[in-house]
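Enquirer: quick one: sequence plus predicted model below, questions after.
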Amino acid sequence: MSRVVVFFLQALLAVAVLGGLFAQVVVIPGTAEGEVELFPPYESVRLPFVVFAIVFIACLQVLAVALGGMLQRAGEGTVFESGALLWTNIAIGAIAGGGIVLGSLFVYVTFADIPSPADGMEVLGLWMGSAVGTIAAIGVALLVVIGRQWLGRAIAQRAELEQVV
């Protein structure tokens, strides 16, 4: 992979991490405050939803850093060395963490008494979205685990081949 492509992709990941930080510090708390002003009964659920959102974005930021590390290894041509497994472990952890956050949100929405300004469709959408997101995160984590196993086998085979040669 060319250095220019690696640099460009890493720059995009850095922008995503910084955008996530901006969302965590400014957008999420500000939006939550605005929603409470529009519908005061939301005050009782504002803090949990803000925490869920901030932690979920933190998981995405960790995933972006792990992808950046793998891109660096791809640019250096060292993907098939044992150090690459660290980045895949970090990615799996970040995806699993995001899945746990979404699963926790699903449980919270299921059992909490969340006020609704209209007919409750917002709560139903949040409930369904968190369920689908949890299932998707589990699926992606399993795919990355399989990819990690393949990478581990490729590293072992490369080491064996280097000993033969």
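Expert: Nice, I can see it. As the structure is a computational prediction, the values presented were derived from the model and not from experiment. Residues are numbered from 1 along each chain as shown.

Enquirer: so which bits of stretch 64-84 are buried?
Expert: Residues of stretch 64-84 classed as buried by neighbour count (16 or more other CB atoms under 10 Å): A64, V65, A66, L67, G68, G69, M70, L71, R73, G75, V79, A84. In this view, the C-beta of every residue, glycine as well, is placed from N, C-alpha and C.

Enquirer: ramachandran angles for S116?
Expert: In terms of degrees, to the nearest 10, the main-chain angles of S116 are phi -140, psi 130.

Enquirer: pretty sure it sits against L126.
Expert: No. Applying CB atoms under 8 Å, one finds S116 not in contact with L126, separated by 10.0 Å.

Enquirer: more crowded one of the two?
Expert: Ranked by neighbour count (other CB atoms under 10 Å), S116 and L126 place L126 first, with 16 against 13.

Enquirer: name the helix or strand for that one, please.
Expert: Taking DSSP states H and E as the definition, L126 sits inside helix 121-164.

Enquirer: over to I54?
Expert: helix 43-76.

Enquirer: and the angle from that helix to helix 121-164?
Expert: With axes from the mean of the first three to the mean of the last three CA atoms, to 10 degrees defining the directions, helix 43-76 sits at 20 degrees from helix 121-164.

Enquirer: if I look at the residue nearest the centre of the chain, how far off is G152?
Expert: For the chain, L60 is the residue whose C-alpha lies nearest the centre (CA atoms, centre = their mean; 3.0 Å). As for L60, its distance to G152 is 25 Å (criterion: CB to CB, to the nearest Å).

Enquirer: can you check Y108 too?
Expert: Counting by CB to CB, the gap from Y108 to G152 is 36 Å.

Enquirer: which one of those two has more residues nearby?
Expert: Taking neighbours as other CB under 10 Å, Y108 and G152 compare with Y108 leading, 17 against 14.

Enquirer: what about stretch 53-72, average pLDDT?
Expert: The average pLDDT within stretch 53-72 is 97.

Enquirer: kindly apply the preceding question to stretch 125-134 instead.
Expert: The model assigns stretch 125-134 a mean pLDDT of 96.

Enquirer: restrict that stretch to CA atoms and write it as PDB.
Expert: Output of stretch 125-134 as PDB, limited to C-alpha atoms (Å, rounded to 0.1, in the frame of the first residue of the first chain):
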ATOM      1  CA  GLY A 125     -37.300   3.300  17.400                       C
ATOM      2  CA  LEU A 126     -34.600   3.700  20.000                       C
ATOM      3  CA  TRP A 127     -35.400   0.200  21.400                       C
ATOM      4  CA  MET A 128     -35.300  -1.400  17.900                       C
ATOM      5  CA  GLY A 129     -32.200   0.500  16.900                       C
ATOM      6  CA  SER A 130     -30.200  -0.500  19.900                       C
ATOM      7  CA  ALA A 131     -31.300  -4.100  19.400                       C
ATOM      8  CA  VAL A 132     -30.200  -4.100  15.800                       C
ATOM      9  CA  GLY A 133     -27.000  -2.300  16.700                       C
ATOM     10  CA  THR A 134     -26.100  -4.800  19.400                       C
END
